[in-house]
Structures are given as C-alpha cells and as structure tokens.
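Peer 1: please work out how this folds:
(4 chains)
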Number of protein chains: 2
Amino acid sequence: MPAPLISHDEVVDRLCQVFQRLGYDGASLAELSRGTGLGKSSLYHYFPNGKEEMALAVLRRAHTWVEQHAVAPLTGEGSPKERLERMLKAVDSLYAGGKNPCVLGNLVVGAARHLYQRQLRSTFSTWIEGLERLGLEAGLSRRTARERAEDVVLQIEGALILCGGLDDPTSFRRVLRKITKEFLASE
Amino acid sequence: MPAPLISHDEVVDRLCQVFQRLGYDGASLAELSRGTGLGKSSLYHYFPNGKEEMALAVLRRAHTWVEQHAVAPLTGEGSPKERLERMLKAVDSLYAGGKNPCVLGNLVVGAARHLYQRQLRSTFSTWIEGLERLGLEAGLSRRTARERAEDVVLQIEGALILCGGLDDPTSFRRVLRKITKEFLASE
DNA sequence: GTCTATAATAGGATAGAC
DNA sequence: GTCTATCCTATTATAGAC
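Peer 2: Just a heads-up that it's a prediction; the model follows:
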C-alpha cells in the first residue's frame, strides 16, 4: 500500500485552482488530473462521486477559507480598521492582486449554480455577516452595516470579473483601497 | 427553399439566453438547439464555425446592446442624472431586476475568457468610457470620472454574481439606486 | 494508493435527403 | 432552411493489475 504522494488537503487545493481557472463545466477530468498530478482513478479513490464531489470539497475548502481568513480576522485584536485591513490583505493575496478569478464567482455560472446553491449562499452569507458584525461594532446602523457588508463582497467579486474581462488587474487593487476608506466611514 | 422560421436576430437573441444561463462551456449544442428551437444542422447553417461563432455573434449583440441601451442614453436629452437613470432602467430591465445573470460576466469564465478576451475588453471599455464621458460632462475630475465609471460596471457585475450566489435579487436593485445617488455626487 | 485499459455516454461537427 | 442519420472525439466513469 504505497503512501499517498500528496496529502488530501493538497489535492483539494490543487482542484480548487483548476475550478478557479476553468469553472465547473470547463473543468474536465483530464484537467483535474493534470492539475493534481494524479491519475483519474486516484481522483476517484479520493472522491467516489467524481467531479461533483470534487467541487463540493472545493466549496467546503472555500467556506473554511472565508471563516479563517476573511471572517476570523475581523474579530481579532486591533481597531476595526486594522481588522478590516487584515481581511483585505488576505483577499489581495488569495486573488493575486486581481489576477486570479474567484472560485466562488466561477461556480455561480452554469450547472454548478443549482448544484451548489446552498453552499454558495452559505459561504457568501458567512462572509457578509462577518463584515456586518464589524460594522455594527464600529457604530454603524444595522441597515448601513448590512448594506456596506454586501457592497464589500459584491465589489470584490465584480472587480474580479471586470479585471478578467479587461485583462488588467488595476481596478481590483483600487477597490480594495476604496473599501478600506469607505466601509467604516461615518454615515 | 422554405422560409426561415425565425429571423437571424431572433436566433442570436435565443442563443444569448442560453449562454447567459449556462456560460460557454456549459452551453452544449443540444441546449443551444433546444433554446433556439432549431436543429443542430440549422445552427450550422447560420454559424458554419459552430459554437465558437455562435458565442461571437452573441458577444457582438451584447456590444451593440451596450452601445445602444447603455452608452447612447448617456448622451441624449435631459440632465446627466436623467440620462444616467435611463441607462440604469435599461440595465434593470435586461437583468430582470437581478434575477438574470450577465452574459458578459459568464463569458469571462472558462474557455471563453481567452477565446473572447478582445471582445470582452472592448465591450467593457465601451461601457466604462461612456460613463466616464458623462462624469466629465457633469464636472467630475478625469480621475474621479474614470474610477466611478469603473465602479458602476463592476458593482453591476458583482451584484449579479452575489444575487446568483444568494439566490436573492435584493441587492441588485439597491446597487442600482446607490449608483443613481453616488455617481454624480460632488467630489 | 496509483496505474493502464476500457466501457459508456455526451459533445461537437458533417453528409445528404427534402 | 431544416431535418435525420451518422461520425469522431472527448468526457465521465469503472475494472482490475500492481
């Protein structure tokens, strides 16, 4: 029984990169195999339900990422502004300054949208609610906190789409700076 | 020689709906055939280069839509605010108040991104530049006009992604109202 | 746990009748 | 201009050796 060449977590990370690049319908088993360095059969060993289960694992990973790198920093040490900046730094790094697409955004397209509606809603909601709590704590009204929280997520997703379409990551970085300045501003 | 059952424009409109719903990789010939009501061979009669040419026709249609319904209203009669509102009304109608995905945004995903990079960049740029000219005319600085123009497009795209993920169109309508209030505000 | 080989199906595309 | 029938390839998925 040979030892696994890479850890299960590492497999999911690499699958994530493929879905991020190609979306659900565009990610063929051949690409998933290439991207992980594993044969198709090895993938089926990890994920008996095939591609559908692979994408599910990727979405669970994305959810965990949001909890750990987007939401958790918002409740840690420092001022609200410092905490917000920690989140934005993690986001900037994840998306390579606007050069990478968003795996969540890409999985809203095509067959994946309905297959994973629950997971997508849950992950987006988790992120928004974390931001909303920070806004509340910083003294924003409930309504403003909620709206600005939604706007943060939607502007990040939209910037990644636009940067993909323009083939130019410039506006992503600007949007991140804009969020830093505007999210906690007085009403 | 039987008369065509539907016009060429109507065929492109229906193809557009399929690509809007499924993205490029998810839009199979079978779905494209179902969506148009035409057999595969009829589609190949209209588009000898197959699916690639169909998506190209759809992107040309989208570009025309942007010119006619998003950019043209910005230079018509009325105050800058009234003109902006005309554009937003057309956008609201096109996306069914946030319930429909954006065909441009969906074609930034997967194989289509590189196949149609030029068309995507051109269409997004046309839209942004139209908004930028309106901002300039309304007295905004060049820098602010450009940034707010980008923000309009990116917030619309992002709202559609978020509404898709949350399965709730609420924030799309809110974003449209927000743009009305903020795009022309003094700096 | 990974591989090669292969089955079964769906995809894109074409031929030729009408 | 549209159809039915068909081809070829890619895709998902499985079997079985090591």
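
Peer 1: chain A: helices as residue ranges?
Peer 2: Residue ranges of the helices in chain A, as given by DSSP state H, are A:8-26, A:29-36, A:40-46, A:51-65, A:80-94, A:103-106, A:111-115, A:117-137, A:142-166, A:170-182.

Peer 1: how far away from the center of its chain is the fourth one?
Peer 2: Translated: helix A:51-65. Relative to the chain's own centre, helix A:51-65 is displaced by 11 Å; criterion: CA atoms, centre = their mean, to the nearest Å.

Peer 1: now swap in the fifth one and tell me
Peer 2: The chain centre lies 13 Å from the centre of helix A:80-94; the measure is CA atoms, centre = their mean.

Peer 1: what number of residues lie near the residue lying closest to A:Ser122 once chain neighbours are set aside?
Peer 2: Of all residues not flanking A:Ser122 in the chain, A:His63 sits nearest, at 6.7 Å (CB to CB, 6 or more residues apart in numbering or on different chains). For glycine as for every other residue, the C-beta is placed from the backbone atoms N, C-alpha and C. Neighbours of A:His63 under the rule other CB atoms under 10 Å in any protein chain shown: 18.

Peer 1: taking chain A, what residue is nearest to DNA strand C?
Peer 2: Going by CB to the nearest atom of the strand, DNA strand C is nearest to A:Ser41 of chain A, at 2.4 Å.

Peer 1: quick revisit: ok, now how distant is the residue nearest to A:Ser122 from A:Tyr116?
Peer 2: 11 Å (CB to CB, to the nearest Å).

Peer 1: related to what we said a few turns ago, now distance to B:Ala112 and mean pLDDT too, for the helices of chain A, in CSV please.
Peer 2: Shown next, in CSV, are the helices of chain A (distance: least, CB to CB, whole Å; pLDDT from 0 to 100):
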stretch, distance to B:Ala112, mean pLDDT
helix A:8-26, 9, 95
helix A:29-36, 15, 92
helix A:40-46, 25, 91
helix A:51-65, 19, 96
helix A:80-94, 23, 98
helix A:103-106, 12, 98
helix A:111-115, 15, 96
helix A:117-137, 21, 98
helix A:142-166, 10, 98
helix A:170-182, 20, 98
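
Peer 1: give me whichever of those helices is most buried.
Peer 2: Most buried of the helices of chain A, by mean neighbour count (mean count of other CB atoms under 10 Å in any protein chain shown): helix A:103-106, with a mean of 26.

Peer 1: quick one: that one near chain B?
Peer 2: Yes. Helix A:103-106 comes into contact with chain B (CB under 8 Å from any CB of the partner chain), by way of A:104-106.

Peer 1: same question, stretch A:25-38
Peer 2: Yes. Using CB under 8 Å from any CB, stretch A:25-38 reaches chain B at A:25-26.

Peer 1: got the end-to-end distance for that stretch?
Peer 2: 20 Å (CA to CA, to the nearest Å).

Peer 1: near DNA strand D, which residues of chain A?
Peer 2: With CB under 7 Å from any atom of the strand as the criterion, chain A comes near DNA strand D at residues A:27-30, A:40-41, A:44, A:48, A:50-52.
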